[in-house]
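> I'd like to go over a predicted model; first the sequence, then the structure.
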Amino acid sequence: MLSLLDLRARIDAGTLTPHGAVGLAREAIAARDDAVGAFACLDPSPAVALEGPLAGIAVGIKDIIDTADLPTGMGSPIYAGWRPKADAPVVARLRRLGAVPLAKTTTTPFAFLDPTATRNPRHAGHSPGGSSAGSAAAVGAGMLPLALGTQTGGSVIRPAAFCGVVGVKPSFRLLPTVGVKCYSWALDTLGLFAARVGDAARALALLAERPGIDLVADAGAPRIGVVVPDFCDEAEADALTALQRAARAAERAGARVHDLALAPLFGEAFACHPVIQDYEARQALAWEYAHHREALPPLLRAALDAAQDVGTDAYDAARRTAHRARRSLKDVFGEGDVDVILTLSAPGGAPEGLASTGDSRFNRLWTLMGVPCVTVPVETTGRGLPLGVQVIARFGDDGRALAAARLIERAIG
């Protein structure tokens, strides 16, 4: 894979130019994307900045994020060829940092469940996950050093695990979602994909203008609570093995590791996620549903049909439960002898075929809680499918989540 930090080190040393670094990405795309299909469109002649901390870094932008110089198609024929007038703020920030938004990456339509044609770069007969399919696959295939995604349920953490890359879902609203097609305003979160934890930490620190996030070299001896949620259907044996391997590696690296059980309130909050998501989605996509219902793909159309019956009382009750759970999670970190939580990123390896993007059951609670989450690749199944684990810290403590993730990454080797 292409490492953001390695590319930048070569540029700073004078052995690579920003144009040369972008050229490496373009060559990799030409050589590999026919087999992967990670891109909705490419910029044929991008402007390459010579200065800035991300100069020379080619970036993939999920195709629900506005770009002024490339179409934003939402993965849907309804928006085919649509050209926004302005960059989303996160894209404008990338340009100010010197990065090159080189391509729009594929997304499931409106970032829901209907799959794309993108293939898993590590095992072409399997899903790359979704909804940020193209972003995860582009980094996993070594075509880009950095890509943006979004998560409403598990659309960053899960595809990162499936494609064997690092995925970061930051604290809620750490990065602006202005200029991003909304599905659920209480859940949608911008995230990113990179080859290694250090790459992701540097990128997030720069995008958020918070240098303290980039503290991955100083994890100390974190207290890690290992969580296997009892309110979710069971994970596959390979995923549980990967979780235990990561826990043992962290312990060898000096972390204090113990099992952690979550209170029943978190199971109640888990059940509230779809209520909040569906109630907001029927409003966020009201125009598309009213004017282009038949053009919507089948899973999304059925979900919006059902969402018409979600009432305000149920929505308000779900929000109250989520609020109580967020307050309780502060106590878990504050009083539970826990700096970070270590849990599953996905139920197992990527599903076979392209009919499903996988199950987000191990992601939805943490998206609802608004806390920072990081996928760390751990190992592969016997069939060569990547497996990752998820590191979670308290709200606003993104640097700690990344530092603990880096400790595990190094310990696994």
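Now that the structure is in, tell me what you want to look at. Numbering: from 1, shown residues only.
> Show me what the nearest residue to residue 164 once chain neighbours are set aside is bridged to.
Closest residue to residue 164 apart from its sequence neighbours, by C-beta to C-beta, 6 or more residues apart in numbering: residue 386 at 3.3 Å. For glycine as for every other residue, the C-beta is placed from the backbone atoms N, C-alpha and C. For residue 386, the beta-bridge partners under DSSP bridges are residue 380.
> Who are the contact partners of residue 386?
Under the criterion of C-beta atoms under 8 Å, 6 or more residues apart in numbering, the neighbours of residue 386 are 122, 140, 161, 162, 163, 164, 349, 350, 377, 379, 380.
> And these, which is closest to residue 48?
The shortest gap between residue 48 and any of those belongs to residue 140, at 24.1 Å (C-beta to C-beta).
> Please name the nearest non-neighbouring residue to that closest one.
Spatially, and ignoring its direct neighbours in sequence, residue 140 is nearest to residue 163 (3.4 Å; C-beta to C-beta, 6+ apart).
> Would you map the helices across the stretch 301-413 of the chain?
For the stretch 301-413 of the chain, the helices defined by DSSP state H, counting those that start in this stretch occupy 312-335, 364-369, 398-412.
> now for the ones you listed, which one comes closest to residue 229?
When the helices of the stretch 301-413 of the chain are ranked by proximity to residue 229, the top entry is helix 364-369, at 7.1 Å, counting by C-beta to C-beta.
> quick one: contacts of that closest one?
Residues outside helix 364-369 that contact it (C-beta under 8 Å, 6+ apart) are 151-154, 157, 169, 187, 189, 229, 266, 269-270, 272-274, 276, 322, 325-326, 329, 373, 390, 392, 395.
> what's the residue lying closest to residue 88 once chain neighbours are set aside in contact with, if anything?
Excluding its sequence neighbours, the residue lying closest to residue 88 (C-beta to C-beta, 6+ apart) is residue 179, at 2.7 Å. For residue 179, the contact set (C-beta under 8 Å, 6+ apart) comprises 65, 66, 84, 86, 87, 88, 89, 90, 91.
> Look up how far residue 67 lies from residue 179.
9 Å (C-beta to C-beta, to the nearest Å).
> Overlap of the contact sets of the two?
Jointly contacting residue 179 and residue 67 under the rule C-beta under 8 Å, 6+ apart are 84, 87, 88, 91.
> Tell me which of the residues you listed fall in helices.
residue 91 (DSSP state H).
> Leaving out sequence neighbours, find the closest residue to the residue nearest the centre of the chain.
For the chain, the residue sitting closest to the mean C-alpha position, by C-alpha atoms, centre = their mean, is residue 156 at 1.9 Å. Of all residues not flanking residue 156 in the chain, residue 191 sits nearest, at 3.7 Å (C-beta to C-beta, 6+ apart).
> would you say the one you found is within a helix?
No. Residue 191: not assigned to a helix; according to DSSP: H, G, I helix; E, B strand; the rest coil it is strand.
> Is it in contact with residue 148, as I believe?
Yes. Contact status for residue 191 versus residue 148: in contact at 7.4 Å, counting by C-beta atoms under 8 Å.
> coming back round to it: would you quantify the distance from the residue nearest to residue 164 to residue 192?
Residue 386 sits 18 Å away from residue 192, taking C-beta to C-beta as the criterion.
> Also residue 338?
In this view, residue 338 and residue 192 are 25 Å apart by C-beta to C-beta.
> Between the two, which has more neighbouring residues?
Counted by other C-beta atoms under 10 Å, residue 338 and residue 192 do not tie: residue 192 has more neighbours, with 28 against 22.
> Could you pull up the contacting residues of the residue nearest to residue 79 when sequence neighbours are not counted?
Counting by C-beta to C-beta, 6+ apart, residue 73 is the residue found nearest to residue 79 once chain neighbours are left out, at 5.0 Å. By C-beta under 8 Å, 6+ apart, the contact set of residue 73 is 40, 41, 63, 79, 80, 81, 82, 104.
> Let's see the pLDDT reported for residue 294.
In this prediction, residue 294 carries a pLDDT score of 98.
> quick one: secondary structure of it?
Per three-state DSSP, the local secondary structure of residue 294 is helix.
> What distance do you get for the residue nearest to residue 88 to residue 28?
Using C-beta to C-beta, residue 179 is found at 28 Å from residue 28.
> try residue 59
In this structure, residue 59 and residue 28 are separated by 14 Å, where distance is defined by C-beta to C-beta.
> So between these two, which is more surrounded?
When neighbours are counted by other C-beta under 10 Å, residue 59 and residue 28 differ, and residue 59 comes out ahead with 26 against 19.
> Hmm, the more buried one is touching residue 97, no?
No. Counting by C-beta under 8 Å, residue 59 does not reach residue 97; the two are 9.7 Å apart.
> Common neighbours of these two, please.
In terms of C-beta under 8 Å, 6+ apart, residue 59 and residue 97 are not both contacted by any residue.
> picking that back up, what confidence value was assigned to the residue nearest to residue 79?
Note on residue 73: pLDDT of 98.
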